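K.L.:
Fold the following for me, if possible:
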Amino acid sequence: MNTQLSHAESAPVAAIPKRPISSNRVMIVLAICMALQITSYVMILPLFARRFTELGAGVTALGTSAMAYALAGTLAAPFMGALADRFGRRPIVLSCLAGCILAFTGYLFASSVPAFILLRGLAGTFTAGLAPAVTGSVADLAPTDRRAQWIGIVNGGASIGWIAGPLLGGVLYDRWGHGVPFAVAACMAAVTFIAAFLIIPETRHGYVRAVGKPSSEIKFVRQSAWQASLQNLRKFLPGSLSGLVFLLCIYFTVMFAWAFIEPRFMFYAYSGLGWSSTMLGMVMSTYGVAMTLGEFGLGRLSDRFGRKPVIVLGLLLFAAQFIGLAFSHDFVLIAAAFIVAGLGNALYDPALSAWILDIAPVKQQVRILGIKSTAGSLGNILGPALLVLFTPFLNARGIFLVATGMVLLITLVFLFFQPQKAGSRTVSEPVKADK
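P.N.:
Down below sits the predicted model:
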């Protein structure tokens with residue numbers, strides 16, 4: 001069932017194409033834009049450790065830059081989500097993409113550690129609003145019984161970036177140094193912005209078109225005021241607060257676990273395992289391959305079998321990367337562990353987002369997704385912060401085992417979690433197709 005954007009509840013006139021565009025086509029374009037954006041971001045991610053080493057810094061500086069990125073995202077995500085609910089998805093998507101262009105261009109010219117930390121904070125500010133706005137667009141367009149599937153498909157587009165980005169960045173760095181991959185990342189971000197500007201329409205319901213007037217006189221009326229939105233949010237939170245908080249705790253934990261090991265993992269790969277930038281990029285790319293295939297092929301599992309069992313399975317598989325790093329030095333085995341973890345990510349993340357959308361009121365969906373991003377950003381702040389604190393006391397294996405324990409513990413607690421209800425339907429149960 002394709003919802004046509006040319007109907008009465010459509011976007012502002014600047015975003016309305018001359019011909020109707022199907023919802024499926026818009027979501028496919030969103031997936032392509034996410035693929036381009038994440039490729040440009042992830043291709044430089046493994047290079048930060050190399051660049052900080054060139055600048056005479058180490059794990060502490062890299063961890064501080066990661067905290068700056070996450071802190072900025074934590075502060076920005078709720079406001080970005082609120083703006084997307086109030087003014088529409090399209091302007092937030094475009095603003096975030098433009099901010100990423102500025103940050104990536106800055107990486108190319110930055111010549112000091114403080115400059116890199118500042119730029120990572122800028123990137124975190126704008127990246128925080130992108131995923132909630134894009135996911136909100138999917139929620140606007142996708143049928144309820146296929147919501148997790150389409151979230152998985154759009155996330156799968158982002159996962160393509162995890163395939164191409166790290167390997168491409170590693171190869172470019174090993175051949176030409178840091179300048180070329182940073183320049184390529186900035187150019188790809190610019191291409192993504194142009195594509196989104198030309199193709200992506202506004203999808204948010206709440207704008208109505210005044211018919212019978214020439215295009216130059218078309219006006220749009222917002223159906224909900226800012227005060228009404230706040231009142232709806234307050235009415236929503238008390239009834240489902242415990243369920244929402246627990247789902248946010250899951251997302252916080254998995255993001256914390258990865259952020260806790262990431263700076264140490266980057267240096268450990270180079271100094272402890274003797275990998276090149278290309279090898280590190282290849283391992284991260286295998287994660288992306290598994291995540292992409294999983295999100296395209298398995299995204300609808302939680303629509304059919306329920307959110308909870310899919311999330312539990314995904315979390316267990318996600319822990320494989322930490323276990324592989326803790327117990328193996330073999331490149332092939334570690335790469336295999338990252339493949340398993342990528343499949344786990346493909347299972348738990350769409351199901352978790354769909355569950356949150358199930359219990360969120362329609363007019364507050366992007367704001368609630370922004371809160372989810374805030375929870376993840378908090379994990380990204382505390383992970384590097386505790387890593388810096390415990391680095392003198394824990395070796396690499398100990399750090400990987402701590403991350404493993406956290407993911408397994410939250411999974412065990414989740415097994416005994418009783419889901420909240422959204423309306424008359426328990427959100428952990430399969431979604432039935434509308435008749």
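K.L.:
And residue 180, how far from residue 393?
P.N.:
Computed as C-beta to C-beta, to the nearest Å, the residue 180 to residue 393 distance reads 39 Å. Any C-beta I mention is one placed from the backbone N, CA and C, and that applies to glycine too.
K.L.:
tell me the contacts of residue 175?
P.N.:
By C-beta atoms under 8 Å, 6 or more residues apart in numbering, no residues touch residue 175.
K.L.:
what secondary structure does it sit in?
P.N.:
Using DSSP: H, G, I helix; E, B strand; the rest coil as the criterion, the local structure at residue 175 reads helix.
K.L.:
how far away is it from residue 181?
P.N.:
Counting by C-beta to C-beta, the separation of residue 175 from residue 181 is 10 Å.
K.L.:
ok, now residue 51?
P.N.:
Counting by C-beta to C-beta, the separation of residue 51 from residue 181 is 10 Å.
K.L.:
And these two? Which one has more around it.
P.N.:
With neighbours defined as other C-beta atoms under 10 Å, residue 51 and residue 181 compare such that residue 181 has more, 28 against 21.
K.L.:
Please name the nearest non-neighbouring residue to the more buried one.
P.N.:
Setting aside the residues directly before and after it, residue 181 is nearest to residue 172 in space (C-beta to C-beta, 6 or more residues apart in numbering), at 4.2 Å.
K.L.:
one step back: who has more neighbours out of residue 180 and residue 393?
P.N.:
Legend: neighbour count by other C-beta under 10 Å for residue 180 and residue 393, higher for residue 180 (15 against 7).
K.L.:
Verify the stated contact: that one with residue 172.
P.N.:
Yes. At 4.9 Å, residue 180 counts as touching residue 172 under the criterion of C-beta atoms under 8 Å.
K.L.:
Remind me which helix or strand the residue nearest to the spatial centre of the chain belongs to.
P.N.:
When the chain is reduced to its mean C-alpha position, the closest residue under C-alpha atoms, centre = their mean turns out to be residue 131, at 5.2 Å. Taking DSSP states H and E as the criterion, residue 131 maps to helix 113-141.
K.L.:
Against residue 372, how distant is residue 146?
P.N.:
For residue 146, the distance to residue 372 - C-beta to C-beta - is 20 Å.
K.L.:
Look at those two and report which has more neighbours.
P.N.:
When residue 146 is set against residue 372 and neighbours are counted by other C-beta under 10 Å, the residue ahead is residue 372, at 25 against 19.
K.L.:
what's the angle from the host helix or strand of the more buried one to helix 113-141?
P.N.:
Counting by DSSP H and E, the element that carries residue 372 is helix 365-390. Computed with axes from the mean of the first three to the mean of the last three C-alpha atoms, to 10 degrees, the direction of helix 365-390 lies at 150 degrees from that of helix 113-141.
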